[in-house]
Structure formats: C-alpha cells, structure tokens
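J.: Turn this into a structure:
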Amino acid sequence: MGTTTEDPTVSRILLVLLALSGLPRVSADDKVGVFEGRGDIGTVLRPGSVRYDDAARTYTVTGSGENMWFAADALHFAWAKASGDVALTADVAFVGTGRNPHRKAVLAIRAGLDADSAYVDVAIHGDGLTSLQFRDAKGANTHEIQTSATSPARARLVRRGRYALLYLAARGEELKFSGAAVRLEFDGPAYVGIGVCAHDKDVSETATFSNVELATALPTGTPVLYSTLETQAMSSTDRRIVLVSPTRFEAPNWLRDGRTLLYNGGGRLYRVPAAGGTPEVVDTGFAVRCNNDHGVSPDGTRLVVSDQSQGDRKSRIYTLPAAGGTPMPVTPNGPSYWHGWSPDGQTLAFCGERNGEFDIYAIPVGGGDETRLTTAKGLDDGPEFAPDGKHIYFNSVRSGRMQIWRMKPDGSEQEQITDDEFNNWFPHPAPDGRSLVFVSFDKDVTGHPADKDVTLRRLTLADKKIDVLGRFLGGQGTANVPCWSPDGRRIAFVTYQLVP
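T.: You can find the predicted model right below:
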C-alpha cells in the first residue's frame, strides 16, 4: 500500500487562493471554550489562531488582515451561533506594542461569516480608541460611534430586540452603558464572538479575552432612560459621543466658537465642550422652565429661549446675553415656540398656537407685532431660515403626512419639498444652503413623541436626493432646533436608550 506526501508548494498556492476567495477558513478542531467555530474571515494571508486556557479562562486570539472597515473585513474570529437577545462580555488586552495603532480586538455580532456581512462590534484599537462599529447591510460601508473611553479593561456587547448596546468599564470599575447604541437592520440567528484584525495584511497581532461570558438570558428590570449627546461628521457620517447621562436632556445647538454645545434639561440650559467635558448651567434668570426650542443669534452674542415659567405657564420667547443674564420678552402671546433667527439678526420665526391652530409666525427680535405666515388647516411647525435669508423651511401636515415645505420670508410661494412614506420634522438648512437635515418618524406615528424609532436623514436640495445619517431611538428632543456647526462640517443631536 503506497503513501502520499503533500507538496508544500501546492499547499501554499491553495492557501493563497482560499485567502483571496474571501471565504472563512474554519479549523478542523473548530470548537474552543464556549465558541463552536473559529477561522479567518476575508482576505487573510497569514492564518490566525485561537488558544484557550481553561484554568485561566482566557482566549488568546492571533489575527492578521488589512482592516475591518468599508465594505469588507479581514480578521480571525471565534464564534457561537445565537438567536434573539444575547450579551458577550470580556476583559480585553493586546499582547505586545504592535505594529499598527489601528489594530483591533473586537466583540462582534455578525449576520454571516462572509467578509462583507452585516455586523456590529465593539472595536478596541491599539491606540486605545473604542467604538461601536456597524455595517447595516451586506456589502454596505462600515460606520462607527466613537466613545470617550480609552483602552477599557472590560467590554460588553448586547443585542436586545432591534438594538445593539455597548457597555464599558475601566479596571476595577463596574460596567456602564457607554451611550453608544445602534438600531440593527439584520435579525435572525447570528455569529457572536471574539476576533482580532491586525490592520496590516503582512503581520499578525494578538489579544487576550479573559473572563468571557456569553449569555442569552438578559436582565429584565425596570428600564432607565439614558440620553446621549452626539456629534456626526458630515463627510463620513461617523459619530462621536460627547455626553451620556441617565436623565433626559434635549436639542443641542452649537455656539459660534464651534467648540461648545448648548442643550436643555430639567428646564435649564447647559453648555458643554463639543470634545466632551463637564456641563455647566447657563444663567437664564427667571426662565427656569425652558423647553427644547432654543438657539443662538447669527452674531453669537445672544441666546433665545422658549420658557413657560411665568404667568399662565404657556411657552413664550425671550432673548438674553450669550454668557447668561436677564431674559428680555419677545412674544406677548403664548404658547410660542422659537425655531429660527433671520441671518440679518432682525427677525425671529416661531410656531404659535392661536385660537386652536398651530401656525408659523414672524416677529421683530426686539418684540412688537407678530405676523402670521401660514394659514393652512393642521399643524405647521419648525420654521428655520435659509442661510441666505431667501426662504423659511418648515414642516406641515397639510398634505396628509408631515412633510418638509418652504416659503418666502413673507409667507408667499409655499411649496412642498419632500413627499414620501415618512413623517418628516424639523428641517435644518446647512450653513452653505445646499442641504437639509431632518428627523423622520414612521408613517403611523402621530406628532413628534419621545422614545420612538426614528431616522435622521439629509436631503440635497439640488437633486432632492435623500440619504440616511442614522437610525436610533429618538424623536422629541433629538434635533428640534438648529444643529449644524458653524463651519458646516458636523451636526449635533441626542439619541436615547432604555436600559434595564
């Protein structure tokens, strides 16, 4: 009986062809610890590995691969199949200094094992950057929500219903919700596991995953509402967390320095650095029941608030110095909710209820007679001036669903801008006047309630093309008022999450 020997040249060729195919390579002895499979995903020229130390409860994962980004990934991945809600938790640490600061150790939930599968993961980078990364659909580009944490010791990725949530902890601390959450566009059974990407196709990197917990029975206690203030780069649509709190806050504006954000919570206004930091309360005098309709003058010297602390407790509009101070009344009638300041600084646009009808009005910034601009039956709301002052954009329900409209500043030439299956609210023109950002509710949602699945979208005015900026839990308080940075490079908004 003859024997055969394997030609090493042929083996190397087969290995390269398999790597270039993008198909996962699964080990013959594929079960390791709690994971039922392992292998390389995507184009990986240097095969990866997983070693499990049962006594130390530690997985040592070595992986190569050029990146986990854009429309395809390359990594070594150990996984278990899971359906429904699931949580994966581990202490994560890199081994050695590494060659590329963008190497990644991940906890991931993948719709499949193809290189371009939809997925969500917590990615801890070699330089400490920690983010929630996600690909909405097979073959789509990857996006991320960057957290304020650097090189956390422990991480947890949770899929609960339609959302994935990220929890983090520094060494010696308890896990806390990071503020990063994303609505998943894939469901059904998923591959849940740990992996390493070298961010360099010619080298391998190693990370350890200790005290790993894989759970399908999640806490069911009374949920706590968390608010997360985020900024988003318009060039990439990637997001960064500024502030997270187990309280409700709303409606960020940018101050004219481009480095500070303004928001409301508990009836007060707060400032916080856009890079993250400790919020400070703004002195608004007697106006201590401010709602989420507030903003900044074009020259940056004054603030405008809608407050309901006086008299009949109906919302009225006031202005005050940007640094804080005594509010000066603008609208004698209520309720009045501010939304827009003309570029020349002379006029305010607002939504007011008069005789049971909500319409759009204009009034001189120093007070005086208000001018009614819309008369259609049903709600007209959210008026905001174009940066050239030639139009006021607003939302109106007059066509059956809430849609985006615009008109001349005197109320003439009212025309519909959007016409789709969503209810579209609060149009915010970009500083260059070329696009709008607005919040879209599902077609069966009435009004703009809190804590609903919403989509943040951008419309390009030249061709009416609409693209998605984010899908999350939001609504009332997400982006009620002007939200663009002065340079037009970023927007700010608030997302919400109910955390048991």
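J.: for the protein, where's the lowest mean pLDDT among helices and strands?
T.: Ranked by mean pLDDT, DSSP states H and E, the weakest helix or strand in the chain is helix 8-21, scoring a mean of 42.
J.: okay, how far is it across stretch 389-401, tip to tip?
T.: End-to-end distance for stretch 389-401: 27 Å, by Cα to Cα, to the nearest Å.
J.: cool, and stretch 374-393?
T.: One end of stretch 374-393 to the other measures 12 Å (Cα to Cα).
J.: quick one: it to chain centroid distance?
T.: 27 Å (Cα atoms, centre = their mean, to the nearest Å).
J.: ok, now stretch 241-254?
T.: Distance, centroid of stretch 241-254 to centroid of chain: 12 Å (Cα atoms, centre = their mean).
J.: Show me which positions of it end up buried.
T.: Within stretch 241-254, the residues scored as buried using 16 or more other Cβ atoms under 10 Å are 241-244, 248-254. Backbone N, C-alpha and C define where each C-beta goes, glycine included.
J.: Show me the domain layout of the chain.
T.: 21-215, 224-499 (automatic domain parsing).
J.: quick one on the thing from earlier: using CSV, please lay out the buried residues of stretch 241-254 together with secondary structure, distance to Lys408 and pLDDT.
T.: Formatted as CSV, the buried residues of stretch 241-254 follow (DSSP: H, G, I helix; E, B strand; the rest coil; distance: Cβ to Cβ, whole Å; pLDDT from 0 to 100):
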residue, secondary structure, distance to Lys408, pLDDT
Ile241, strand, 40, 98
Val242, strand, 36, 98
Leu243, strand, 38, 98
Val244, strand, 41, 98
Arg248, coil, 37, 98
Phe249, coil, 35, 98
Glu250, strand, 30, 98
Ala251, strand, 27, 98
Pro252, strand, 29, 98
Asn253, strand, 25, 98
Trp254, strand, 27, 98
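J.: Which one of those is nearest to Ser399?
T.: Distance to Ser399, by Cβ to Cβ, is smallest for Ala251 among those, at 26.0 Å.
J.: how many neighbours does the closest residue to that closest one other than its chain neighbours have?
T.: Closest residue to Ala251 apart from its sequence neighbours, by Cβ to Cβ, 6 or more residues apart in numbering: Asn292 at 3.7 Å. Using other Cβ atoms under 10 Å, Asn292 has 20 neighbouring residues.
J.: now His448
T.: Counted with other Cβ under 10 Å, His448 comes out at 23.
J.: contacting residues for it?
T.: For His448, the contacting residues are 425-426, 439, 441, 475-476, 480, by Cβ atoms under 8 Å, 6 or more residues apart in numbering.
J.: out of those residues, which is most surrounded?
T.: Sorting the contacts of His448 by how many neighbours each has (other Cβ under 10 Å) puts Asn480 first, at 29 neighbours.
J.: centre of the chain versus stretch 33-49, how much separation?
T.: 30 Å.
J.: tell me which residues of it are tucked away?
T.: For stretch 33-49, by 16+ other Cβ under 10 Å, it's 33-35, 37-49.
J.: swap in stretch 91-110?
T.: For stretch 91-110, using 16+ other Cβ under 10 Å, the buried residues are 91-92, 94, 98, 100, 102-110.
J.: just these now: which is nearest Pro431?
T.: Using Cβ to Cβ, these come closest to Pro431 at His102, 31.6 Å.
J.: check contacts around the closest one.
T.: Counting by Cβ under 8 Å, 6+ apart, His102 touches 67, 125-127, 199.
J.: what secondary structure does it sit in?
T.: Under DSSP: H, G, I helix; E, B strand; the rest coil, the three-state class of His102 is coil.
J.: Angles on the backbone of His125, please.
T.: Main-chain dihedrals, His125, degrees, to the nearest 10: phi -90, psi 160.
J.: Go ahead and confirm it touches Val106.
T.: No: His125 lies out of contact with Val106 (Cβ atoms under 8 Å); the separation is 9.8 Å.
J.: and Lys138, how many neighbours does it have?
T.: When neighbours are counted by other Cβ under 10 Å, Lys138 registers 14.
J.: So it, which state does it fall into?
T.: Secondary structure state of Lys138, per three-state DSSP, is coil.
J.: Thr301 versus that one, what's the distance?
T.: 51 Å (Cβ to Cβ, to the nearest Å).
J.: again, but for Lys452
T.: 36 Å.
J.: go on, Arg239?
T.: In terms of Cβ to Cβ, Arg239 sits 30 Å off from Thr301.
J.: Leu436 belongs to a strand?
T.: Yes: per three-state DSSP, Leu436 lies within a strand segment.
J.: Run through the strands of the stretch 1-150 of the chain in chain order.
T.: Assigned by DSSP state E, counting those that start in this stretch, the stretch 1-150 of the chain shows strands spanning 25-26, 37-41, 49-53, 58-63, 68-69, 72-73, 75-82, 86-95, 104-110, 119-125, 129-135, 142-150.
J.: hang on, the earlier thing: wait, what's in contact with the residue nearest to Ala251?
T.: Shown in contact with Asn292 (Cβ under 8 Å, 6+ apart): 250-251, 264, 476-477, 480-481.
J.: wait, doesn't Pro364 sit right on Asp344?
T.: No: in this structure Pro364 lies outside contact range of Asp344 using Cβ under 8 Å: 11.4 Å.
J.: Counting neighbours, go ahead and name the busier of those two.
T.: Just comparing Pro364 and Asp344: by other Cβ under 10 Å the higher neighbour count belongs to Pro364, 14 against 10.
J.: Quick check: bridge partners of Ile109?
T.: Val120, Val192 (DSSP bridges).
J.: measure it to Val86 for me?
T.: With distances taken as Cβ to Cβ, Ile109 is found 7 Å from Val86.
J.: Show me which of Arg239 and Thr301 is the more surrounded one.
T.: Taking other Cβ under 10 Å, Arg239 and Thr301 do not tie; Arg239 has more neighbours (26 against 13).
J.: My guess is that one contacts Gln146. True?
T.: Yes: using Cβ under 8 Å, Arg239 is in contact with Gln146, at 7.0 Å.
J.: Determine which two of the buried residues of stretch 241-254 are furthest apart.
T.: Arg248 and Trp254 (20.8 Å).
J.: what about Asp85, how many neighbours?
T.: Counted with other Cβ under 10 Å, Asp85 comes out at 14.
J.: Roughly how far does it sit from Gln308?
T.: According to Cβ to Cβ, Asp85 stands 40 Å off from Gln308.
J.: for Pro47, same thing?
T.: 65 Å.
J.: and if you look at Val34?
T.: Distance from Val34 to Gln308, counting by Cβ to Cβ: 54 Å.
J.: Same check on Gly172?
T.: Between Gly172 and Gln308 the computed distance is 45 Å (Cβ to Cβ).
J.: Comparing the two, which residue is more hemmed in?
T.: Under the criterion of other Cβ under 10 Å, the comparison of Gly172 against Gln308 puts Gln308 first, with 20 against 7.
J.: Good, we can wrap up now.
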